[in-house]
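Q: structure for the following, please:
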Amino acid sequence: MNILVIGGAGYIGSHVTREFLDQGHRCTVYDNLSSGLRENLFPEAEFIHGDIHDYPGLMQAMKGSAKSGGFDALIHLAASKAAGESMLKPEKYSRNNIMGTLNILNAASEIGIKNIVFSSSAAVYGEPEYLPIDEKHPTKPENYYGFTKLEIERFLGWYEKLRTMRYACLRYFNAAGYDVKGRIKGLEQNPANLLPVIMEAACGMRTEIQIFGNDYDTPDGTCIRDYIHVSDLAIGHAAALDYISKNGKSLIVNLGSETGSSVTEVVEIARRLTGKPIPAKIVARRPGDPAKLTASSAFAHETLGWRAQHSDMETLISTSWEAYRRHLS
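A: Down below sits the predicted model:
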């Protein structure tokens, strides 16, 4: 297939692009490089430096080029993604996530691209009513980031009805790790997620990490999350696109490891594997942070034949550490 990867120079996007290329697909990356990096681009993939808020440019990109031809599908990974920041800067998340996505959907509708894989989030669920969370769980986001992702899922549902688009909404849990073969060179820019923040502290790029609350209803008082290796996410994108294109049906599906690790556990394993002290400071809770989030990925097993292969905590941390050491050397 010929695939347009919007946001394909970013952390997740570069891994997704690499997976599609490995499977023999043709890819074009469309990215404004606000958080994506040129070093995350691959020579096999065409690159268009563009912004999802530039509607004429987005339309032109979706038409394809003499080199790439028209596109069979697009992967949408262009969004702001820090849950805490979304509570402080909702205007940014409205513009980037909602308005930007509507530009993508409208342009795809005009051009006639019918297959869309969307990077959604487990943040759509909010405080869990039961664990592990499956796709039938109520969706009550507790942060504005999760709200924007849920609204986009609803837009996709309407575009399917009105424009016969097929979509896959992939509800990620906590993406972490780096390409197990070491082919992704660029590091996340201004990361807010736990693993890259720990890596920056291990490398001396920051003096300490902050742990947001240690009085949650968990065994050690810190939040428990389901961490999924980014290479497993990339495989999930390919499986989802294959499913919707072959079956002509849309789907919403969790991608998670189905295990939970607390912040304290992750820090302790990182200290052991890196040999670094990684100073940690307990600070106040962040608004909108549930105590526990773990996934059921049974539906992904059943529909996509997908299972997490690289998402044990040691692989998550060791691949991250290798990427940071390689970058700094």
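
Q: point out where this structure drops to low pLDDT.
A: For the chain, residues meeting the criterion pLDDT under 70 lie at 66, 288.

Q: residue boundaries of the helices in it?
A: 11-22, 55-62, 83-88, 90-93, 100-111, 144-163, 194-203, 230-247, 263-274, 298-304, 313-328 (DSSP state H).

Q: how far does the second one sit from the chain's center?
A: Read it as helix 55-62. 23 Å (CA atoms, centre = their mean, to the nearest Å).

Q: give me whichever of the helices of the chain is most buried.
A: helix 11-22 (a mean of 24; mean count of other CB atoms under 10 Å). Placement of C-beta: from N, CA and C, glycine included.

Q: angle of that one against helix 230-247?
A: 60 degrees (axes from the mean of the first three to the mean of the last three CA atoms, to 10 degrees).

Q: give me the contact list for helix 11-22.
A: 3, 5-8, 27, 29, 31, 35-37, 40-42, 44-45, 75, 77, 119, 175, 179, 183-184, 186, 188, 230-231, 233-235, 237-238 (CB atoms under 8 Å, 6 or more residues apart in numbering).

Q: and the residues you listed, which of them are buried?
A: 3, 5-8, 27, 29, 31, 35-37, 40-42, 45, 75, 77, 119, 175, 179, 184, 186, 188, 230-231, 233-235, 237-238 (16 or more other CB atoms under 10 Å).

Q: determine the number of other residues adjacent to Ile282.
A: Ile282 has 13 neighbours, counted by other CB atoms under 10 Å.

Q: looking at the contacts of helix 11-22, which are in strands?
A: 3, 5-6, 27, 29, 31, 75, 119, 175 (DSSP state E).

Q: in TSV: the helices of the chain, plus distance to Cys169.
A: Converted to TSV, these look like this (distance: least, CB to CB, whole Å):
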stretch	distance to Cys169
helix 11-22	15
helix 55-62	20
helix 83-88	18
helix 90-93	18
helix 100-111	12
helix 144-163	5
helix 194-203	24
helix 230-247	9
helix 263-274	27
helix 298-304	12
helix 313-328	24
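
Q: looking at the ones you listed, spot the one closest to Tyr216.
A: helix 263-274 (9.4 Å; CB to CB).

Q: and that closest one, how far from the chain's centre?
A: On CA atoms, centre = their mean, the centre of helix 263-274 falls 23 Å from the chain's centre.

Q: could you do stretch 314-322 as well?
A: With CA atoms, centre = their mean as the basis, the mean position of stretch 314-322 lies at 18 Å from the chain mean.

Q: also stretch 296-305?
A: 18 Å.

Q: now for the helices of the chain, which one comes closest to Val124?
A: Closest among the helices of the chain, using CB to CB: helix 144-163, at 4.3 Å.

Q: okay, angle between the closest one and helix 100-111 too, please.
A: Using the same axes, to 10 degrees: helix 144-163 against helix 100-111 is 20 degrees.

Q: by contact count, what packs against helix 144-163?
A: helix 83-88, helix 90-93, helix 100-111, strand 115-121, strand 166-172 (3 or more CB pairs under 8 Å, 6 or more residues apart in numbering; DSSP states H and E).

Q: please save the CA atoms from it in PDB.
A: C-alpha atoms of helix 144-163 as PDB (Å, rounded to 0.1, in the frame of the first residue of the first chain):
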ATOM      1  CA  TYR A 144      -8.700  17.800  28.300                       C
ATOM      2  CA  TYR A 145      -6.300  15.800  26.200                       C
ATOM      3  CA  GLY A 146      -8.400  12.700  26.600                       C
ATOM      4  CA  PHE A 147     -11.500  14.700  25.800                       C
ATOM      5  CA  THR A 148     -10.000  15.800  22.400                       C
ATOM      6  CA  LYS A 149      -9.100  12.200  21.500                       C
ATOM      7  CA  LEU A 150     -12.700  11.000  22.300                       C
ATOM      8  CA  GLU A 151     -14.200  13.900  20.200                       C
ATOM      9  CA  ILE A 152     -12.000  12.900  17.300                       C
ATOM     10  CA  GLU A 153     -13.200   9.300  17.600                       C
ATOM     11  CA  ARG A 154     -16.800  10.600  17.300                       C
ATOM     12  CA  PHE A 155     -15.900  12.700  14.300                       C
ATOM     13  CA  LEU A 156     -14.500   9.600  12.600                       C
ATOM     14  CA  GLY A 157     -17.700   7.700  13.300                       C
ATOM     15  CA  TRP A 158     -19.700  10.400  11.500                       C
ATOM     16  CA  TYR A 159     -17.300  10.600   8.600                       C
ATOM     17  CA  GLU A 160     -17.700   6.800   8.300                       C
ATOM     18  CA  LYS A 161     -21.400   7.200   8.000                       C
ATOM     19  CA  LEU A 162     -21.400  10.200   5.700                       C
ATOM     20  CA  ARG A 163     -18.200   9.700   3.600                       C
END
